[in-house]
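Q: Need the 3D shape of this:
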Amino acid sequence: MRIGIIIEVLKRELPFLSILKKRLELEGHEVKLITFRSMCFHQIRKFRPDILVTNGIRSDRYMFEEIAYTKKHYKTKIMCYYSEQIGYSDRSVAFTYDNKNVLNNVDFHVCWGKQFAKELGDLGVERNKIWVIGSMQYDIPSYFKFTVDELKNRLGHEYNISNAKAPYFLITDNIIEEYQPADLYPIRRKAFIDLTIQLAQRHPEANIIFRTHPEISDSEQKLLTDSFSAYSNIYCINQGHLFYWSHICQSLLYWCSTSSVQALLDGKNVFALKTDDDLNRYWFLNVFPLFESIGGLLDAVDSDYAGTYALPDNNKLEIEHFIKTWYYRVDGLSFERFVQLINIVSNSDFIPYKGPEMTYSRVFKSLYYEKRAKIGDLIKCRKGRSLSDSMIEQELSNYNVERKDAVFNVKFDGIANYLENE
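A: Sure, this is the predicted structure:
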């Protein structure tokens with residue numbers, strides 16, 4: 001089968017999608033990673049996939065380019081592996097995908113866990129179209145082939161970290177000005193600048209990695225770099241997959257980024273700072289410790305560093321429930337479940353596109369805007385949007401990708417289909 005997989009954010013998704021590509025190729029499939037932000041529609045039309053894996057579509061515009069055209073012209077079967085699923089303390093982000101044109105034309109909805117699957121069902125998605133497999137992003141460690149010290153040396157060389165073998169603390173930042181309320185942005189930004197500086201002052205022997213969001217603006221990146229310029233042990237970096245940094249860190253500090261789950265599932269303690277009373281953003285309430293002050297948080301970090309920190313019992317229970325609810329299982333087998341699901345998709349009947357009519361003018365318009373955006377990237381020297389075979393091979397050099405010994409039964413419980421490990 002010819003399988004196209006759309007990759008939305010290279011810095012976030014390249015590691016696990018590179019593994020998935022290789023794993024599917026071991027089964028004899030022809031696989032292409034298609035960059036969402038660089039000539040996506042053109043690449044789809046050129047590749048003509050039998051199966052296209054999208055990453056969650058909210059608008060009719062992308063529905064046309066990724067679903068309608070491919071179904072109409074190539075009889076492509078559409079899978080959606082949603083790149084965003086957790087959102088708030090009381091619900092997932094399923095409601096943000098509430099577009100009937102899209103939902104009705106996706107043939108297989110692939111979810112990390114039961115909660116998101118249930119909420120898709122509440123939106124009217126047919127239960128037999130919903131599949132729960134776990135999260136491939138958080139199964140990356142099952143394939144990683146380097147020790148922590150080896151990874152420290154590699155990262156130290158790549159990012160000019162002079163004391164590469166020192167302890168690391170990781171601060172993950174998703175306070176992007178464009179998406180923040182105007183009154184809260186400066187409060188949140190200042191809080192994390194102050195937190196980072198105080199941590200660096202407490203632990204001058206450690207490397208403080210301030211991991212900015214991949215989509216942060218150049219002006220915001222400069223603001224942070226300038227704020228930390230007086231401290232040689234603070235590294236303001238927005239490159240490299242978060243897994244690498246969380247894998248080597250002592251502990252992780254953050255505001256509300258779901259990337260903190262990467263550290264949690266890698267056995268690290270996670271500490272959150274409360275910056276305001278807008279609790280709806282704190283999706284992890286009762287899961288991770290939430291500190292009212294910088295001082296209280298740093299005291300907990302010191303305790304963790306000394307090996308004396310004890311996670312409260314109620315947090316341990318909530319973490320176990322959280323993983324079952326949102327991630328099904330973290331057992332290294334989500335890639336195998338996906339491979340088995342591809343076999344089911346391959347043998348399924350093709351369901352024709354049903355929706356608004358397509359016109360040739362729409363095709364030309366989409367291709368025109370893609371070409372214009374590509375030229376703009378070249379003129380403005382914007383990088384990080386294109387993907388080459390060498391980049392994929394370089395990423396794969398970090399992993400041992402092989403078939404894992406697992407057999408699955410298909411089960412149905414009224415909410416979704418599950419691929420269950422026997």
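Q: Next, Asp149: secondary structure please.
A: Three-state assignment for Asp149 (DSSP: H, G, I helix; E, B strand; the rest coil): helix.
Q: Let me know whether it touches Lys165 as I believe.
A: Yes. Asp149 lies in contact with Lys165 (Cβ atoms under 8 Å); the separation is 6.7 Å. To be clear about C-beta, it is placed using only N, CA and C from the backbone, and glycine gets the same treatment.
Q: elements contacting the lowest-mean-pLDDT helix or strand in the chain?
A: The weakest-scoring helix or strand in the chain, judged by mean pLDDT, DSSP states H and E, is helix 360-379 (a mean of 78). In terms of contacts (3 or more Cβ pairs under 8 Å, 6 or more residues apart in numbering; DSSP states H and E), helix 360-379 is packed against helix 40-47.
Q: Which of the residues in the helix it packs on are classified as buried?
A: Residues of helix 40-47 classed as buried: Cys40, Phe41, His42, Gln43, Ile44, Arg45, Phe47 (neighbour count, 16 or more other Cβ atoms under 10 Å).
Q: What distance do you get for the fifth one to Leu378?
A: Yep, that's Ile44 we're talking about. 21 Å (Cβ to Cβ, to the nearest Å).
Q: Same check on Asn101?
A: To Leu378, Asn101 is 33 Å away according to Cβ to Cβ.
Q: more crowded one of those two?
A: Higher neighbour count among Asn101 and Leu378: Asn101, with 17 against 9, using other Cβ atoms under 10 Å.
Q: Give the buried residues for the least confident helix or strand of the chain.
A: Those would be Arg362, Val363, Ser366, Glu370, Lys374, Asp377, for helix 360-379 by 16+ other Cβ under 10 Å.
Q: Setting the sequence-adjacent residues aside, check what's closest to the last one.
A: Put plainly, it is Asp377. Among residues not flanking Asp377 along the chain, Arg385 sits closest, at 6.0 Å (Cβ to Cβ, 6 or more residues apart in numbering).
Q: List the contacts of the one you found.
A: Arg385 makes contacts with Leu10, Thr35, Arg37, Ser38, Asp377, as judged by Cβ atoms under 8 Å, 6 or more residues apart in numbering.
Q: count of residues packed around the residue nearest to Gln250 when sequence neighbours are not counted?
A: Nearest residue to Gln250 in three dimensions, chain neighbours excluded: Pro167, at 5.1 Å (Cβ to Cβ, 6+ apart). Applying other Cβ under 10 Å, we find 16 other residues in the vicinity of Pro167.
Q: and Ile5, which of the three is it?
A: Going by three-state DSSP: Ile5 is strand.
Q: same deal with Leu52?
A: strand.
Q: And it, how close does it get to Tyr81?
A: Applying Cβ to Cβ, the value for Leu52 to Tyr81 is 11 Å.
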